[in-house]
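>>> Need a 3D model of the following:
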Amino acid sequence: MKITGKFDVTLNPLDFYAKGEDGVNFGRMSIDKSFHGELDATSKGEMLSAMTSIKGSACYVAIEQVIGSLSGKKGSFVLQHFGTMDKGKDRLVLEVVPDSGSGELTGLAGTMSINIEDGQHFYEFEYELA
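The predicted model follows:
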């Protein structure tokens, strides 16, 4: 199955343990999302990031638990993010963590992509239920 929709996201800075050196800046943020469409859900999570001294080169990792309904099935699942940017060229991987699905979403597997257009966030979620 493949679905698309919009989502709203709020990121807030959190205290963090590590401090960068030699032009590297670390960050830690809370993630709060509301998904709209066939994925009607909210999520909470955390993100860690590092920005280098080279403009457009950075990375982030994040984990968020999504709770709500997916194509009418209720439950939750965890998404893992892995993103890098190399002088402005980005690569982003979002995957459902194996065996993280609960309720009617038990057995969920899939990948999600994110696009941002004119400040609005959009998702495309390709998934299957075992």
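>>> Dig out what the residue positioned nearest the centre of the chain forms beta bridges with.
Nearest to the centroid of the C-alpha atoms of the chain, with distances taken as C-alpha atoms, centre = their mean, sits residue 81, at 5.1 Å. Here residue 81 sits in beta bridges with residue 62, residue 94, as judged by DSSP bridges.
>>> check contacts around it.
Under the criterion of C-beta atoms under 8 Å, 6 or more residues apart in numbering, the contact list for residue 81 reads 47, 60-64, 92-94. Using the backbone N, CA and C atoms, a C-beta is placed for each residue, glycine as well.
>>> What confidence value was assigned to it?
pLDDT, residue 81: 98.
>>> same check, this time on residue 20
Residue 20 carries a pLDDT score of 89 in this model.
>>> Who's the closest spatial neighbour of it, skipping the chain neighbours?
Excluding the flanking residues, the one nearest residue 20 by C-beta to C-beta, 6 or more residues apart in numbering is residue 26, at 4.8 Å.
>>> for the one you found, what are its contacts?
Contact partners of residue 26, counting by C-beta under 8 Å, 6+ apart, are 16, 18-20, 48-50.
>>> cool, and residue 46?
Counting by C-beta under 8 Å, 6+ apart, residue 46 touches 14, 28-31, 62-64.
>>> ok, now with 6 Å
Residue 46 makes contact with no residue, according to C-beta atoms under 6 Å, 6 or more residues apart in numbering.
>>> what about it, helix or strand, and which?
Under the criterion of DSSP states H and E, residue 46 resides in strand 39-51.
>>> from the middle of its chain, how far away would that strand be?
Relative to the centre of its chain, strand 39-51 is centred 5 Å away, using C-alpha atoms, centre = their mean, to the nearest Å.
>>> i'd like the first residue to be 30 from this point on
Fine by me, first position is 30 from now on; the one you just mentioned is strand 68-80.
>>> Which neighbours in the sheet does that strand have, and how are they oriented?
Strand partners for strand 68-80, identified by DSSP bridges, are recorded as strand 54-64 (antiparallel), strand 87-99 (antiparallel).
>>> in the protein, what residue sits furthest out from the centroid?
If you look at how far each residue of the chain sits from its centre, by C-alpha atoms, centre = their mean, the farthest one is residue 51, at 28.2 Å.
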